[in-house]
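Engineer: Next input, structure requested:
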Amino acid sequence: MSPNRATTPLTSHAPQSESGLLPRWARFAPLVLVVLGLAIGLPTPGAYSGDVFLILSSMIAACVYSLRAVVWVAALKSVAGPVFLLVRHLPSDGRHAVVDYVALVVLAWATAPLCRLRLFLRDQLLGAQRVAESAQRAVLPPVRSVHTHTDGVLAEDLALVAVTRAEHAPPWGGAEPAPP
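Structural biologist: A predicted model of the protein is given here:
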């Protein structure tokens with residue numbers, strides 16, 4: 001074991017929630033897009049629909065949610081789609097409504113492999129990060145904390161050095177002469 005491990009713990013081994021890294025709006029974006037798609041799709045005639053927002057919500061869910069949540073979203077759209085299709089759009093625009101539904105279901109289920117790919121690439125990146133951190137810990141000296149009670153004293157010392165240098169600077173603004 002490296003002697004540096006006690007002073008500088010590895011940070012990548014700590015469990016990190018992926019949702020904690022995202023902005024709050026990103027977690028709610030798929031839900032907002034589903035509501036927007038329904039709000040546009042319900043009152044409009046059959047030729048106009050909010051299917052684009054429903055498809056976009058699936059794509060964003062693949063980037064934001066876990067694989068289980070993406071599968072749940074796809075299953076919900078697969079079940080709710082025929083109800084929405086039969087109640088609202090099939091009587092007015094039959095063929096286009098069926099094509100929209102098939103596209104919605106295919107793209108909703110296509111997001112599951114995309115989510116799986118994202119999770120796989122994230123795991124590979126975390127593994128490489130752990131290896132790099134371990135290599136750095138083995139080669140580099142430990143990082144000491146600078147945040148101590150002497151920070152104020154250190155700042156005062158640096159200010160004193162700057163004032164002293166300014167007082168001993170040559171009047172022409174050139175570099176200081178080298179000490180003998």
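Engineer: how about low-confidence regions in this structure?
Structural biologist: Low-confidence segments of the chain (pLDDT under 70): 1-20, 45-48, 85-95, 143-155, 166, 168-180.
Engineer: if you set the cut-off to 50 instead, what comes out?
Structural biologist: 1-10, 12, 15 (pLDDT under 50).
Engineer: So what touches the helix or strand encompassing residue 56?
Structural biologist: Using DSSP states H and E, residue 56 falls within helix 51-64. Residues from elsewhere that reach helix 51-64, judged by Cβ atoms under 8 Å, 6 or more residues apart in numbering: 19, 22, 26-27, 29-31, 33-34, 36-37, 40-41, 69-70, 73-74, 77, 100, 103-104, 107-108, 111-112, 114-115, 118. Backbone N, C-alpha and C define where each C-beta goes, glycine included.
Engineer: residues of that helix that come out buried?
Structural biologist: The neighbour-count check on helix 51-64 (16 or more other Cβ atoms under 10 Å) flags 51-62, 64 as buried.
Engineer: Tell me how many other residues surround residue 65.
Structural biologist: 19 (other Cβ atoms under 10 Å).
Engineer: So it sits against residue 30, correct?
Structural biologist: Yes: using Cβ atoms under 8 Å, residue 65 is in contact with residue 30, at 7.3 Å.
Engineer: Identify the contacts common to those two.
Structural biologist: Joint contacts of residue 65 and residue 30 (Cβ under 8 Å, 6+ apart) are residue 73.
Engineer: circling back: separate out the buried members of the contacts of helix 51-64.
Structural biologist: If you count burial by 16+ other Cβ under 10 Å, the buried members of the contacts of helix 51-64 come out as 29-30, 33-34, 36-37, 40-41, 70, 73-74, 77, 100, 104, 107-108, 111-112, 115, 118.
Engineer: can you tell me which of those residues are in helices?
Structural biologist: 29-30, 33-34, 36-37, 40-41, 70, 73-74, 77, 100, 104, 107-108, 111-112, 115, 118 (DSSP state H).
Engineer: Residue 61 and residue 124, how far apart?
Structural biologist: 22 Å (Cβ to Cβ, to the nearest Å).
Engineer: my bad, residue 96
Structural biologist: Distance, residue 96 to residue 124, using Cβ to Cβ: 42 Å.
Engineer: same check, this time on residue 81
Structural biologist: In terms of Cβ to Cβ, residue 81 sits 34 Å off from residue 124.
Engineer: more crowded one of the two?
Structural biologist: Shown here are residue 81 and residue 124; by other Cβ under 10 Å, residue 81 has more neighbours (18 against 10).
Engineer: Correct me if wrong: the more buried one contacts residue 102.
Structural biologist: No: taking Cβ under 8 Å as the definition, residue 81 is not a contact partner of residue 102, at 9.1 Å.
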